[in-house]
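Undergrad: I'll drop the sequence and a predicted model, then ask my questions.
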2 protein chains.
Amino acid sequence: MTDEPTSALLTDRYELTMLQGALQSGAAHRRAVFEMFARRLPENRGYGVVAGTGRFLDALERFRFDTGALDYLADAGGLDDATLEWLAGYRFSGEVWGYGEGETYFPGSPILVVEGTFAESVLLETVALSIYNHDSAIASAASRMTLAAGGRPIIEMGSRRTHEMSAVAAARAAYITGFGSTSNLEAGRRYGVPTAGTSAHAFVLVHDSERAAFEAQVAALGADTTLLVDTYDVDEAVRTAVELAGPKLGGVRIDSGDLSDIAARVRRQLDGLGAADTRIVVTGDLDEHAIQALAIAPVDGYGVGTALVTGSGAPTASLVYKLVARSGEDPGSPLLPVAKKSVGKPSRGGRKWGFRRLDEHGTAVAELVLERDEAPAEGVRPLLRRLVAGGEVVGREPLADARERHARSVAELPGTARRMTRGEPVIPTHFGAPAQV
Amino acid sequence: MTDEPTSALLTDRYELTMLQGALQSGAAHRRAVFEMFARRLPENRGYGVVAGTGRFLDALERFRFDTGALDYLADAGGLDDATLEWLAGYRFSGEVWGYGEGETYFPGSPILVVEGTFAESVLLETVALSIYNHDSAIASAASRMTLAAGGRPIIEMGSRRTHEMSAVAAARAAYITGFGSTSNLEAGRRYGVPTAGTSAHAFVLVHDSERAAFEAQVAALGADTTLLVDTYDVDEAVRTAVELAGPKLGGVRIDSGDLSDIAARVRRQLDGLGAADTRIVVTGDLDEHAIQALAIAPVDGYGVGTALVTGSGAPTASLVYKLVARSGEDPGSPLLPVAKKSVGKPSRGGRKWGFRRLDEHGTAVAELVLERDEAPAEGVRPLLRRLVAGGEVVGREPLADARERHARSVAELPGTARRMTRGEPVIPTHFGAPAQV
């Protein structure tokens, strides 16, 4: 256990210089509402998946400027004593609502809403975006993979292709969307995600022969283990594997070549050897398209690495965190909508509430982003959950709940959600007052 | 400061099941050499940049199975007592060589070489790959950006678009390649990277007017600050900015619109207002191509976010960690080259040494990956540094050294390294015995 910092310095410097300016002008104490949303989805995606909520709540609780952080800031210069003193006492005391973790989202969905003073809310921008942008990008890619796998189990095994801590979060996000397990041990320890994995080519190569390696693995892990069969010759490896482990051999893994062809050949070979229950697991640069292409191959499970941890072409969810409303000088005065007018990056002022409209079959037909918090009619599901009340985290939940929510939310989407080709969001987003949408 | 784990669980489960098998077969104690290399570069890159070395050495030192880790592993099941006991005493005792951090690399370059027992070396695979794959992907993208910027300063500001800890490592990697500063405070605290940043649109919006916001910022941060001028109307904002801060205004930042056109207009306006020394900083979805396109615009600095932290299209460096040689049963017996034969993913057996051949002008002409450690001729620069000797880290160095090494290494490459279009590696890799290459 070493020096993971307080989350407070996982922050852009300008949040603190803005704080200093706002403390001097008095705007620091104005009531403010920040909203996190995506202007658009990655171009070939029909929906996004919210992930990071639980991790954000953890980060919020340890967002404190401790002595180490304050010493650094004082040494780095640029911040005055009043600002440093304010930071020393920092503790978020406001309100947070958000889409439930695992929920699907669409352009404009207010997936996180933070209300508090300007000062206390603006400081959370960077860490909130870092967590949600990463985890939601992974979950959005992972969800398509679980759809493509159609119920066959997927092992997340991308740790080696991404930052060592991203790897832990990626395993968590993948699990939310229905992956069965991960190779990452820290994700097992920290989040209870089941872990999996048996051996790599190095294990075969370090022994004098493939046979010696298989013998060692079966002796150590039992006949139910999964043997990696593509180090030299697949046919010979499968024959040796069944000879050594018997027909109760748990599985074989194929990591290279034309997976569809080889899986068919290996299935016939295993069946011929009486190992009809031996599973075939395929790995090796799989993504949602490759998984879909293997749908008719005799494959019992997939291992996915690089494509998962890099968001399969969309490594960030492009979520932004924008001030949408604020009070006047008196923090008790009404909240006024605010929005910048920057060319090409307009924002939509005013606090908003997210709902999903369902048709009579329970299928989602539209995302409603409304100016008031009311369920305008039957068949409309509210999407915001209370996460933080008066600075206290109230919305923490087991990871299993996020996993169930994701399954329900995806099941509710129209069938076009299963499409792997490029396309528009599978339901439109309607903005406005309840009566209008 | 909270629960960053011991680095030992930032590991794929199969490293530990392989260990268990190898302890039973005795192969655990064979001498082994693992090599980290890239089979190829991302398709539009002429060179890669090694980064992560310093972070890997830190991770190696804290790679210990502490009580928390061992308790988790015992509870998770699947590992026997002998394996858990071996892990409890784990301490890497071998040798590590690697390319210097910041060095450029090419397909096949042996950027990390780990020699020890099979058991102690195989366990490092996941964490080593995580660190190098992430950091090298970022550095490789960042290096192209600094080349494109041609000496103009670049601020790294992508923290919000990537995992909160990747963000810290990304800022470090960008700094190695010549970025001038980062928005990320933890990168400042942890690695001494200079930090930068002043304000966002939210700061303007929380005030009653842009004028009030600028007044507050100048009062808090001084006239030398950088004001963000594109919240409403750029012309008016620039006029107000100079009126309030005077001609000594430090800078203005433009974050939207046609940056080239707007920068030219703002430059004329600033000059007309007597603010000839006021800098223009542009931000907003910049990548190496956008930076290059702005070369003739009157821009004094760039801020780069998303493209940097996502590796500008190549978010992982695709480095692999392969067993290339091992002893027989007697650990003192000679090392034998080993290589798998998997279709499409062959590896090249045998321990290798990397050198760079330079022509008479000091320009790199080839990467030499040789079977013996000897400088075969004049004009050949050895690339491996000793990083760990007998388990002790001996290759730690200040980040400034990596930054200098990177600048020297890039300066040595042929001019095609400055090309931003798709293409082959700018020098070829030659494999073989010294006399052959």
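TA: Done, it's in.

Undergrad: Pop the domain breakdown of chain A in here.
TA: Domains of chain A are assigned by automatic domain parsing as A:7-129+A:316-346+A:382-416, A:198-285.

Undergrad: CA atoms only: put the helix or strand encompassing A:L270 into CSV for me.
TA: Per DSSP states H and E, A:L270 falls inside helix A:259-272. Extracted C-alpha coordinates of helix A:259-272, given in CSV (Å, rounded to 0.1, in the frame of the first residue of the first chain):
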residue,chain,number,x,y,z
LEU,A,259,-10.3,-18.6,-34.8
SER,A,260,-13.5,-19.6,-36.5
ASP,A,261,-11.8,-22.4,-38.6
ILE,A,262,-9.6,-23.6,-35.8
ALA,A,263,-12.4,-23.7,-33.3
ALA,A,264,-14.5,-25.9,-35.6
ARG,A,265,-11.5,-28.2,-36.2
VAL,A,266,-10.7,-28.4,-32.5
ARG,A,267,-14.3,-29.0,-31.6
ARG,A,268,-14.5,-32.0,-34.0
GLN,A,269,-11.2,-33.2,-32.6
LEU,A,270,-12.3,-32.9,-29.0
ASP,A,271,-15.6,-34.6,-29.7
GLY,A,272,-13.7,-37.4,-31.5
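
Undergrad: Could you pull out the buried residues of that helix?
TA: Using 16 or more other Cβ atoms under 10 Å in any protein chain shown as the test for burial, helix A:259-272 gives A:259-260, A:262-267, A:269-270. To be clear about C-beta, it is placed using only N, CA and C from the backbone, and glycine gets the same treatment.

Undergrad: Can you report phi and psi for the residue most central in space within chain A?
TA: With distances taken as Cα atoms, centre = their mean, A:D135 lies nearest the centre of chain A, 2.9 Å away. Note on A:D135: its backbone torsions stand at phi -70, psi -40 [degrees, to the nearest 10].

Undergrad: can you pull the contacts of the closest residue to it other than its chain neighbours?
TA: Spatial nearest neighbour of A:D135, excluding adjacent residues (Cβ to Cβ, 6 or more residues apart in numbering or on different chains): A:G52 at 3.4 Å. Counting by Cβ atoms under 8 Å, 6 or more residues apart in numbering or on different chains, A:G52 makes contact with A:101, A:131-136, A:169, A:173.

Undergrad: before we move on, what about A:L147?
TA: By Cβ under 8 Å, 6+ apart, the residues touching A:L147 are A:288, A:410, A:417-418.

Undergrad: related to what we said a few turns ago, wait, which of the contacts of A:G52 is closest to B:L124?
TA: A:A169 (21.6 Å; Cβ to Cβ).

Undergrad: Name the helix or strand for the closest one, please.
TA: A:A169 belongs to helix A:164-176 when assigned by DSSP H and E.

Undergrad: That helix and chain B in contact?
TA: Yes - counting by Cβ under 8 Å from any Cβ of the partner chain, contacts between helix A:164-176 and chain B involve A:164-169.

Undergrad: what's the spacing between that helix and its chain's center?
TA: Using Cα atoms, centre = their mean, to the nearest Å, the mean C-alpha position of helix A:164-176 is found 7 Å from that of the whole chain.

Undergrad: what residues does whichever helix or strand comes after it touch?
TA: As assigned by DSSP H and E, the chain's next helix or strand after helix A:164-176 is strand A:181-182. The contact list for strand A:181-182, computed with Cβ under 8 Å, 6+ apart, reads A:153, A:155-157, A:159, A:171, A:174-175, A:188, A:193-196.

Undergrad: what do you get if the cut-off is 6 Å, keeping everything else the same?
TA: The contact list for strand A:181-182 (Cβ atoms under 6 Å, 6 or more residues apart in numbering or on different chains) reads A:155-156, A:171, A:193-196.

Undergrad: which is the next helix or strand following that strand?
TA: helix A:185-191.

Undergrad: what does that next one contact?
TA: Among residues not part of helix A:185-191, those counted as contacts by Cβ under 6 Å, 6+ apart are A:168, A:171-172, A:193, A:195, A:399, B:5, B:9-11, B:13, B:72, B:76.
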